[in-house]
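>>> just the structure for this:
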Amino acid sequence: MKMRHHPTIRTYALSRKRRSAAGALIYPREELGISRIASDPGELMRVYELGRGAGLRALERVRAYLGE
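This is a model prediction of the structure:
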């Protein structure tokens, strides 16, 4: 017979998994202020730099998360 888990236990396990993954999210500190369809090279570079800066600030946290 197949073992079945109570829905509450499954929900608890999923919420724990989501919380641990939330620590790995990387995003800029400020709003991007750009439309989804942007073509201005200056605006694209500004947004790129915001994302790159966020990634560099989170680098140690990401390494710890990956266990490196």
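>>> what ranges does this structure have for its helices?
Per DSSP state H, the chain carries helices over the ranges 7-22, 41-57, 59-66.
>>> ok and the shortest one relative to helix 41-57, angle-wise?
Between the direction of helix 59-66 and that of helix 41-57, the angle (axes from the mean of the first three to the mean of the last three C-alpha atoms, to 10 degrees) works out to 60 degrees.
>>> least confident secondary structure element in the protein?
helix 7-22 (a mean of 59; mean pLDDT, DSSP states H and E).
>>> ok, Asn36 - how many residues close by?
Careful, residue 36 is Arg; it's not Asn. 4 (other C-beta atoms under 10 Å). Every C-beta, even on glycine, is put in place using the N, C-alpha and C of the backbone.
>>> and it, how far from Val47?
11 Å (C-beta to C-beta, to the nearest Å).
>>> who touches both of these two?
Counting by C-beta atoms under 8 Å, 6 or more residues apart in numbering, Arg36 and Val47 have no contacts in common.
>>> contacting residues for Tyr48?
No contacts exist for Tyr48 under C-beta under 8 Å, 6+ apart.
>>> now do the phi/psi pair for Pro28.
Dihedral pair for Pro28: phi -60, psi 150, per degrees, to the nearest 10.
>>> who's in contact with it?
Contacts of Pro28 by C-beta under 8 Å, 6+ apart are 50-51, 53-54.
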